[in-house]
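1. Please find the sequence and the predicted model below.
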Amino acid sequence: MQMSELSELIADVREQVLFLQELGVDALDVRLPEAEGERVDSLQMVAEAVVFEKAPPPADIGLPKRPTETVKRGGSRIASLPSLRSRTPVQNNIMPKPTAAKPADEPVKVDAPPEPAGSADTIGSIRAEIGDCTRCKLSQLGRTQIVHTTGNFQADLMFIGEAPGADEDEQGSPFVGRAGKLLTDIIMAMGFQREQVAIGNINRCRPPANRKPEPDETAACRPFILREIAVIKPKVIVVLGATAAHNLLQVSTPISRLRGTFQDYFGVKVMPTFHPAYLLRDPHKKRDVWEDMKKVRDLLES
Ligand code: URA
């Protein structure tokens, strides 16, 4: 292996470790080499640079695997682990059909099949139909703007949260506040860039004082994210927090029991996990989320 390739490898590892540490994977105790701009003089030095100083991580710590391709981000190289399907322009779809098999330990009880998406549905047509929405009272309760799903509408991976907060309401994009920053870190630790995945919410308008959306508000808004799921057709949806999980899957199982196990949502795999805002309040839960995200990453890689 060339020195330049080794330097690149170190840079990749270094960046992944930084993300993991930020996510709370503190069992990794490594000396982080400065790979860029620093000359690596010998193989010996490279080996030392990546050696674990204390106990090595447990075998199942699951450091992101060496990628087969790398992409540029902000001047440094990061892994682009699972491939994102490159699909031709968003096709018209119908809602995925229910599948018979459900995970044994957490059966999903969906109340009723979602409305089939109109055959002409596209992300644009759904947005146009939402328009300057007044279908629920959130439109009258101080929302600045409607916060639509963003990102890659051909992605294999989609994240769905509860409802916009103050930052999202101000900027018009989902997950752009503190919780959003943490979500971005999680996405990057999985080997993606934020722009490569789709990110949305069950409710598109900010509830006053960030209260939970009420049932009538969710009932008015939920059909649109279901139709977007039908258009995007992700392989995996990560649903963030109890409210979003309960509203998407129509179950009331506590998130602490629901998380970590793939659910089946009409043929789409759904991984419920803790909401990043909860992680900000209880950073110890970051490790659980990382375990869940490894399962998602592994499924996308398989
Ligand atoms: N919390 C959410 O559930 N969604 C956002 O967009 C921001 C914070």
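-> Arrived safely, thanks for sending. This one's a predicted model, so the numbers in the text were calculated from it and none came from an experiment.
2. Distance-wise, check the residue of the stretch 1-150 of the chain at minimum distance from the ligand relative to G165.
-> Of the stretch 1-150 of the chain, the residue with the smallest distance to the ligand, taken as CB to the nearest ligand atom, is V147 at 6.3 Å. No exception for glycine: its C-beta is placed from N, CA and C like everyone else's. The span separating V147 from G165 equals 9 Å under the rule CB to CB, to the nearest Å.
3. got it, and A198?
-> Applying CB to CB, one obtains 19 Å for the distance of A198 from G165.
4. try I187
-> As defined by CB to CB, I187 lies at a distance of 18 Å from G165.
5. Enumerate the residues of this protein near the ligand.
-> Selection of the chain residues close to the ligand by CB under 6 Å from any ligand atom yields G161, E162, A163, P164, G165, E168, P174, F175, A179, G180, N201, A277.
6. quick one: which of those is most hemmed in?
-> Note: the member of these with the most neighbours is P164, at 31 neighbours, neighbours being other CB atoms under 10 Å.
7. So which residues of the protein form helices?
-> Secondary structure of the chain, counting by DSSP state H: helices at 3-22, 43-50, 123-130, 166-171, 178-189, 215-232, 241-249, 255-258, 276-281, 286-301.
8. The third one relative to helix 215-232, how many degrees between them?
-> So that's helix 123-130. Taking axes from the mean of the first three to the mean of the last three CA atoms, to 10 degrees, helix 123-130 and helix 215-232 form an angle of 160 degrees between their directions.
9. what does the average pLDDT come to for helix 123-130?
-> Model confidence over helix 123-130, given as mean pLDDT, is 98.
10. Equivalent analysis for the second one, please.
-> With pLDDT averaged residue by residue, helix 43-50 scores 31.
11. hang on, the earlier thing: you'd agree the residue of the stretch 1-150 of the chain closest to the ligand is up against N201?
-> Yes - with the criterion set as CB atoms under 8 Å, V147 and N201 qualify as a contacting pair; they are 6.6 Å apart.
12. joint contacts of those two?
-> Between them, V147 and N201 have P164, E168, P174 as joint contacts when contacts are counted by CB atoms under 8 Å, 6 or more residues apart in numbering.
13. Point me to the residue of the protein nearest the ligand.
-> Proximity of the chain to the ligand (CB to the nearest ligand atom) peaks at G161, 2.8 Å away.
14. give me every residue that touches that residue.
-> Contacts of G161 were listed using CB under 8 Å, 6+ apart, and they are P174, F175, I199, G200, N201, I202, L240, G241, A244, H275.
15. What about the nearest residue to the last one once chain neighbours are set aside, how many residues nearby?
-> Closest residue to H275 apart from its sequence neighbours, by CB to CB, 6 or more residues apart in numbering: G241 at 2.9 Å. Per other CB under 10 Å, the neighbour tally for G241 reads 22.
16. got it, and F266?
-> Close neighbours of F266, defined as other CB under 10 Å, add up to 17.
17. What of P272?
-> As a burial measure, the neighbour count of P272 was computed by other CB under 10 Å and equals 29.
18. Pretty sure it sits against L249.
-> Yes - the pair P272 and L249 qualifies as a contact (CB under 8 Å) at a distance of 7.4 Å.
19. what residues do the two have in common as contacts?
-> With contacts defined as CB under 8 Å, 6+ apart, the residues adjacent to both P272 and L249 are V239, L258, Q263.
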